[in-house]
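In: build me a structure from this.
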Amino acid sequence: MAVRPDRQREGIGSSLVRDGLAALRSQGCEAVIVLGHPSYYPRFGFSAAMAEKLTAPFSGEAFMALELAPGILAGRARLVIYPDVFGAAAPKDAVSASCSRH
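Out: Numbers count the residues shown, from 1 in each chain. As a prediction, the model looks like this:
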């Protein structure tokens with residue numbers, strides 16, 4: 001997500017994140033993963049600690065997760081698969097999952 005510099009600090013980004021999370025919840029998504037600014041996304045509940053058990057080509061404080069279904073990531077090791085545009089190839093035996101509309 002990005003907001004043009006001359007339009008930042010107007011709440012546009014926050015509205016996009018809140019609306020996006022609401023849409024994902026309504027679609028039945030159980031968790032959201034971001035690779036984003038570590039001082040921005042925690043205000044929406046994202047946490048690097050929540051993403052620690054996830055296996056992904058990215059890590060660190062910018063790699064964060066948010067549970068939309070409480071406990072869905074607790075105690076479980078999960079594999080995160082990124083679209084090809086990220087340049088982070090998934091293991092050959094990986095299985096992809098996404099949200100579906102109900």
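In: counting neighbours, what do you get for residue 17?
Out: Neighbour count of residue 17, defined by other Cβ atoms under 10 Å: 20. The C-beta positions use only the backbone N, C-alpha and C, and glycine is treated the same way.
In: how about the one 10 residues further on?
Out: The number of residues packed around residue 27, counting by other Cβ under 10 Å, is 13.
In: cool, the one 5 residues further on as well?
Out: Burial of residue 32, expressed as a neighbour count using other Cβ under 10 Å, amounts to 20.
In: dihedrals phi and psi, it?
Out: Backbone geometry at residue 32, expressed as degrees, to the nearest 10, gives phi -130, psi 140.
In: quickly list what it is bridged to.
Out: Residue 32 has these beta-bridge partners by DSSP bridges: residue 66.
In: against residue 3, how distant is it?
Out: Distance of residue 32 to residue 3, computed by Cβ to Cβ, to the nearest Å: 19 Å.
In: tell me the contacts of the most centrally placed residue in the chain?
Out: Closest to where the C-alpha atoms of the chain average out (Cα atoms, centre = their mean) is residue 33, at 1.8 Å. Counting by Cβ atoms under 8 Å, 6 or more residues apart in numbering, residue 33 makes contact with 51, 54, 56, 63-65, 80.
In: go through those residues and name the one nearest residue 41.
Out: residue 64 (5.4 Å; Cβ to Cβ).
In: run a quick neighbour tally on the closest one.
Out: Counted with other Cβ under 10 Å, residue 64 comes out at 25.
In: what kind of secondary structure is it in?
Out: strand (DSSP: H, G, I helix; E, B strand; the rest coil).
In: which residues does it contact?
Out: 33-36, 38, 41-42, 46-48, 50-51.
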